[in-house]
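*Asks:* Attaching a predicted model along with its sequence, questions to come.
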Number of protein chains: 2
Amino acid sequence: MEKYQASIKIMLKHGILDVQGKTVENSLHSIGFDTLQNVRIGKFVQLEVAAESPEKASELVGSACEKLIANPIIENYEIQIEKIK
Amino acid sequence: MEKYQASIKIMLKHGILDVQGKTVENSLHSIGFDTLQNVRIGKFVQLEVAAESPEKASELVGSACEKLIANPIIENYEIQIEKIK
């Protein structure tokens, strides 16, 4: 078994209103950051996974995302796997 | 003025207890994902910025992170700037 570092970006799907992003955007404008637009806020998850190959690691993390880490109904996720030396 | 897409990863600094990460880790273990360890949960922010150069864009986003997007006392952030075609 090798150890891998998984990095997961989770964002709301396009078309789903990002209330948190909109609120931060309004706050940014109110303190003078007028040139910042379309703020969208998601999650960034890092974890370590023991698996036989990067493919197995990615599969395992994907399954964990579907079941618990992300909400696949309203969120998209993107997994990156990197071997830990 | 050019338009840039900024992607910001925000993570708790090392040494600061990540309660949310620990909770997700425990939940993962309880549903059988025993090989997933050291879960850490941060934020991933995307926004568009109008600026004269990628350096100016990065500077502006850095300033917004310091003032509002991140909490620099307990969080580290990493900014990536990409030109929007």
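*Replies:* Perfect, thanks for sending it. Numbering: from 1, shown residues only, chains lettered A, B, ... in the order given.
*Asks:* Every contact and neighbour count from this point should use C-alpha atoms.
*Replies:* Fine.
*Asks:* thought residue A:82 was touching residue A:2?
*Replies:* No - between residue A:82 and residue A:2 there is no contact under Cα atoms under 8 Å: 10.7 Å.
*Asks:* quick one: residue A:16 and residue A:76 touch, right?
*Replies:* No - Residue A:16 lies out of contact with residue A:76 (Cα under 8 Å); the separation is 11.1 Å.
*Asks:* the more surrounded of the two?
*Replies:* residue A:76 (16 against 9; other Cα atoms under 10 Å in any protein chain shown).
*Asks:* Now do the phi/psi pair for the more buried one.
*Replies:* phi -100, psi 150 (degrees, to the nearest 10).
*Asks:* Need the per-residue pLDDT for it.
*Replies:* With respect to pLDDT, residue A:76 scores 98.
*Asks:* Show me what it bridges to in the sheet.
*Replies:* Taking DSSP bridges, one finds residue A:11 as the beta-bridge partners of residue A:76.
*Asks:* quick one: pLDDT of the closest residue to residue A:36 other than its chain neighbours?
*Replies:* Closest residue to residue A:36 apart from its sequence neighbours, by Cα to Cα, 6 or more residues apart in numbering or on different chains: residue B:49 at 4.6 Å. We have a pLDDT of 97 for residue B:49.
*Asks:* Any idea how many residues pack against residue B:49?
*Replies:* Number of residues near residue B:49 (other Cα under 10 Å) recorded here: 28.
*Asks:* Is it in contact with residue B:5, as I believe?
*Replies:* Yes - assessed by Cα under 8 Å, residue B:49 is found in contact with residue B:5 at 6.4 Å.
*Asks:* Which helix or strand contains the residue nearest to residue A:36?
*Replies:* Taking DSSP states H and E as the criterion, the element that holds residue B:49 is strand B:36-51.
*Asks:* where does the residue located most distally from the centre of chain A land in three-state SS?
*Replies:* No residue in chain A sits farther from the centre than residue A:32, which is 28.3 Å out by Cα atoms, centre = their mean. Three-state assignment for residue A:32 (DSSP: H, G, I helix; E, B strand; the rest coil): coil.
*Asks:* same check, this time on residue A:17
*Replies:* Assignment for residue A:17 (three-state DSSP): coil.
*Asks:* So which bits of stretch A:37-46 are buried?
*Replies:* Using 16 or more other Cα atoms under 10 Å in any protein chain shown as the test for burial, stretch A:37-46 gives A:37, A:39-46.
*Asks:* now stretch A:73-85, how far from the chain's geometric center?
*Replies:* Offset of stretch A:73-85 from its chain centre (Cα atoms, centre = their mean, to the nearest Å): 7 Å.
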